[in-house]
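K.L.:
Coordinates for the following, if possible.
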Amino acid sequence: MADSELKYPKWQNPCVDALMELDPRKILERVSVAEAEIYARFRKRETSSDVKGDRMKLPYDAEVP
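P.N.:
Below you'll find the model as predicted:
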């Protein structure tokens, strides 16, 4: 999925990648990357006032095609 199609590509792309992964050997790695990006976004929310837009989107709305 192109970054331009996602409102929050930094964490949404890894979520989509994990959901779309078909290789059982790669799924755990993709989920770990997605978790790390979501966690980083949560940490950023704690220190930033510029997060109102994605407040309700984490991690429930990955906008999977």
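
K.L.:
So the closest residue in space to Ala34 that isn't next to it in sequence, which state does it fall into?
P.N.:
Using Cβ to Cβ, 6 or more residues apart in numbering and skipping residues adjacent in sequence, the residue nearest Ala34 is Pro14, 3.9 Å away. Where C-beta positions appear, they are placed from N, C-alpha and C, glycine not excepted. Three-state assignment for Pro14 (DSSP: H, G, I helix; E, B strand; the rest coil): helix.

K.L.:
Arg45: neighbouring residues, count only.
P.N.:
Applying other Cβ atoms under 10 Å, we find 15 residues neighbouring Arg45.

K.L.:
Which strands and helices lie in contact with the longest helix anywhere in the chain?
P.N.:
Across the chain, the longest stretch assigned as helix under DSSP state H is helix 24-47. When contacts are defined as 3 or more Cβ pairs under 8 Å, 6 or more residues apart in numbering; DSSP states H and E, helix 24-47 sits against helix 9-20.

K.L.:
Rounded mean pLDDT for the helix it packs on, please.
P.N.:
In this model, helix 9-20 has a mean pLDDT of 92.

K.L.:
Tyr39: neighbouring residues, count only.
P.N.:
By the measure other Cβ under 10 Å, the count of residues near Tyr39 is 13.

K.L.:
gap between it and Pro14?
P.N.:
11 Å (Cβ to Cβ, to the nearest Å).
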